[in-house]
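K.L.:
based on what follows, work out the 3D shape:
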Amino acid sequence: MNNIDEYIALLKNANVGEGDIEKAQAIIDATDEVAKILDSSAVKLEEKKIAIAELFPNNVRKALLKISEDCNISQFDKIAKAYLNELNKLSNCAEAVITCVNEPDDEQLEGFKSFVKKETGASAVKLEIKKDASLLGGFTMRIGNKLYDRSLKTKLKDISAAVAQKAKKNNNVDAEGIISILREDIKNFEFVTDTEEIGTVISIGDGIATIEGLDSVMYGEIVIFESGVKGMVQDIKKNTVGCILFGNEDDVFEGSRVKRSYKKAGVPVGREFLGRVINALGEPIDGGDDISADEYRLVEQEAPSIVDRKSVSVPLETGILAIDSMFPIGRGQRELIIGDRQTGKTSIALDTIINQKGKDCICIYCAIGQKASTVSKLVSDLKKHDALDYTVVVCATAADPASLQYIAPYSATAIAEHFMYKGKDCLIVYDDLSKHAVAYRAISLLLERPPGREAYPGDVFYLHSRLLERSSRLTPELGGGSITALPIIETQAGDVSAYIPTNVISITDGQIYLESDLFFSGQRPAVNVGLSVSRVGGAAQTKAMKKASGSLRVDLAQFREMEVFTQFSSDLDEETKEQLRYGAGLMELLKQPLGSPMSLSHQVITLVGAIGRKFNDIEKSELKAFQKKLLAYFDETHFDIVGEIQDRKVIDDGIKERIYKAIDEFKENSNG
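P.N.:
Now for the predicted structure:
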């Protein structure tokens, strides 16, 4: 024989059959030794031949010795190495576990082997047969970490779920309706092979599961545990993945199976969510009916690019005089509300939501780590002011696991984005992101990520930046919708220089700082004029408000300085006393009761009168009552001025004079 291919054919014919795995494995184990002998230049040809022949079973050994009789060392090297390649193909042996009710016959076994070869590309197959009567019929096949489920038990489960879903959708739950649906589903019964990539839980605790076997799972993908509990992949290591649970971990145990969903975390969205209270997964928790969704939207989305954004220029009126006059908020802006606990942060957000009534603005309130009783009171306040009809409340209370508190603001933003991309204006309140960061810190530490400053992980800035960057005002080509964000941050003893507050301050377009001393002194809302700012500023302010507010902020700053400077002095000149009286009057007018947002016209009239020094002769204690009566007088008697300001959103010197004149008339009538 001179042709090397003929030698290879001879060896292949002498080889063992693919079904004889043990003998095949013996040959495979010998290949490493063969490679060492072939690579050794110190060993003579005859010695190589004998050494290699000794490694193989009798039939192969005879073929090798026959070949060695009439070939030189170069040919023998080529033949032996080519034969090694053939053996390596045989080493590609796949193992599969078949679970069925009855023992399969030879024909079925051959079918299983052919299927495994096709799926894996292996040249040999080893089958392990297990019996399980609970499958009712059919079989399941596990190859590595993939599960092929063709059992009757699973099919019946799918039919049951489909019947329940259709019956619920059609509101048809009588026996006849269910039977008709069942008949239709059985008629269209198809025995498809469902493929699932499955893993195994190796540890569970504190809402974190560690799983092995999910080799191809994506970061952020939803996985489903054997008990039906869902989780989200948050950590991918070489051999394991870390997963946060969205349900009760008592039903998850070591050794339980986990399957991929091939979907990233998302929530159902749609118009029917308005007026409802839902959890972080989009499920209703207000005791109402199930919600029919328009679509399913991923909770993590890319923020609109620069070219997709339009500059912020349309005001979003809060109805709070102190904010609209000095720190205006525009549609598409991100304005931080920051302050210690119990300083009225949520109250400002609530008033802003109430003030959107009739302004075609959809509101989303996201409660993170709040008490359930607090959220319940807020929902009742929204109902009382007829504001719940255009509001979605997304709730992850302090009793919920950290995983739900972590995902809640992203879910709320996904709901807002659904409306934004349909051309709607949205307002979203995150109450509060301090607790959100704490929940993320807890998750990260449990996932064994290295702690950094204040034990927060290194990506905690990205946690909030990728959330808040999604708030924007879109270009007209994309519908012109917007999301205005009001994130809330709680400080400790007024420390705005702490880690999380400074992070969020650097992300947002301004902040409203609420001061404890002002709050407890009765100045509510307790807005600190010096530390509060809107980086959008006058661009998001109506011309009427811009002109009416005039020197308000400067006047208040001067008053605060003068008040501190003169508090220990008793001998003051008349001009200083007048200035102090004027400043104290402004501070009094900026007080506003909870749940009483002011219209633009009322704010403008108040500011024009105040800065025009028309209220200086009114006692401070009587100023709020005077303001209330004055605005009621304008609504009844000078509704033309009120309507003109509200419609045109512009004032000129002529309107100012008319306002001054009307205030003088009211004073005369009141005194008379």
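K.L.:
now E128, what's its secondary structure?
P.N.:
strand (DSSP: H, G, I helix; E, B strand; the rest coil).
K.L.:
and it, how many neighbours?
P.N.:
For E128, the neighbour count with other CB atoms under 10 Å is 10. For the C-beta atoms, the positions are set from N, CA and C on the backbone; glycine is no exception.
K.L.:
just the helices in the stretch 101-250 of the chain please.
P.N.:
Along the stretch 101-250 of the chain, counting by DSSP state H, counting those that start in this stretch, helices occupy 106-120, 152-169, 175-187.
K.L.:
can you give me the distance of the residue nearest to L446 when sequence neighbours are not counted to A402?
P.N.:
Of all residues not flanking L446 in the chain, I208 sits nearest, at 4.6 Å (CB to CB, 6 or more residues apart in numbering). From I208 across to A402, the span is 9 Å (CB to CB, to the nearest Å).
K.L.:
show me the common contact partners of these two, please.
P.N.:
I244, I443 (CB atoms under 8 Å, 6 or more residues apart in numbering).
K.L.:
quick one: the nearest residue to L556 once chain neighbours are set aside from S599, how far?
P.N.:
Leaving out its chain neighbours, the residue that sits closest to L556 by CB to CB, 6+ apart is V529, at 5.0 Å. Separation of V529 from S599 (CB to CB): 23 Å.
K.L.:
looking at these two, which is more packed in?
P.N.:
Ranked by neighbour count (other CB under 10 Å), V529 and S599 place V529 first, with 22 against 16.
K.L.:
if I look at that one, how far off is M598?
P.N.:
When V529 is compared with M598 (using CB to CB), they lie 18 Å apart.
K.L.:
and for the helix or strand where D640 lies, what's in contact with it?
P.N.:
Counting by DSSP states H and E, the element that carries D640 is helix 639-648. Applying CB under 8 Å, 6+ apart, the set of residues contacting helix 639-648 from outside is 544, 599-602, 604-605, 634-635, 651, 655, 658-659, 662.
K.L.:
which of those are buried?
P.N.:
544, 599-602, 604-605, 634-635, 651, 655, 658-659, 662 (16 or more other CB atoms under 10 Å).
K.L.:
check contacts around the residue nearest to L556.
P.N.:
Here V529 is in contact with M326, R553, L556, A557, R560 (criterion: CB under 8 Å, 6+ apart).
K.L.:
now swap in R441 and tell me
P.N.:
Applying CB under 8 Å, 6+ apart to R441 gives the contacts P451, A455, Y456, P457, V460.
K.L.:
next, count neighbours for the first one.
P.N.:
In other words, P451. P451: 13 surrounding residues under other CB under 10 Å.
K.L.:
for it, what are phi and psi?
P.N.:
Backbone torsions of P451, given as degrees, to the nearest 10, read phi -80, psi 150.
K.L.:
for S403, give its distance to A265.
P.N.:
10 Å.
K.L.:
and if you look at K667?
P.N.:
Relative to A265, K667 is positioned 62 Å away (CB to CB).
K.L.:
neighbour count winner among these two?
P.N.:
Neighbours were counted for K667 and for A265 using other CB under 10 Å; A265 has more, 23 against 16.
K.L.:
that one reaches R297, doesn't it?
P.N.:
No: using CB atoms under 8 Å, A265 is not in contact with R297, being 10.4 Å away.
K.L.:
got the phi/psi numbers for I338?
P.N.:
phi -130, psi 140.
K.L.:
again but with L463, I slipped
P.N.:
Per-residue torsions, L463: phi -50, psi -50 (degrees, to the nearest 10).
K.L.:
grab the nearest non-local neighbour of it.
P.N.:
Y440 (5.5 Å).
K.L.:
got the contact list for that neighbour?
P.N.:
A402, Y406, Y456, P457, V460, L463.
K.L.:
now the stretch 151-300 of the chain, which segments are flagged as low pLDDT?
P.N.:
Within the stretch 151-300 of the chain, the stretches with pLDDT under 70 are 162-195.
K.L.:
now with 50?
P.N.:
Along the stretch 151-300 of the chain, the parts satisfying pLDDT under 50 run over 191-193.
K.L.:
all strands for it, in order.
P.N.:
Residue ranges of the strands in the stretch 151-300 of the chain, as given by DSSP state E, counting those that start in this stretch, are 194-205, 208-212, 221-225, 230-236, 240-245, 257-264, 266-269, 277-278, 295-298.
K.L.:
tell me which strands the fifth one pairs with, and in which orientation.
P.N.:
Spelled out, that is strand 240-245. Strand 240-245 pairs in its sheet with strand 208-212 (antiparallel), strand 230-236 (antiparallel), by DSSP bridges.
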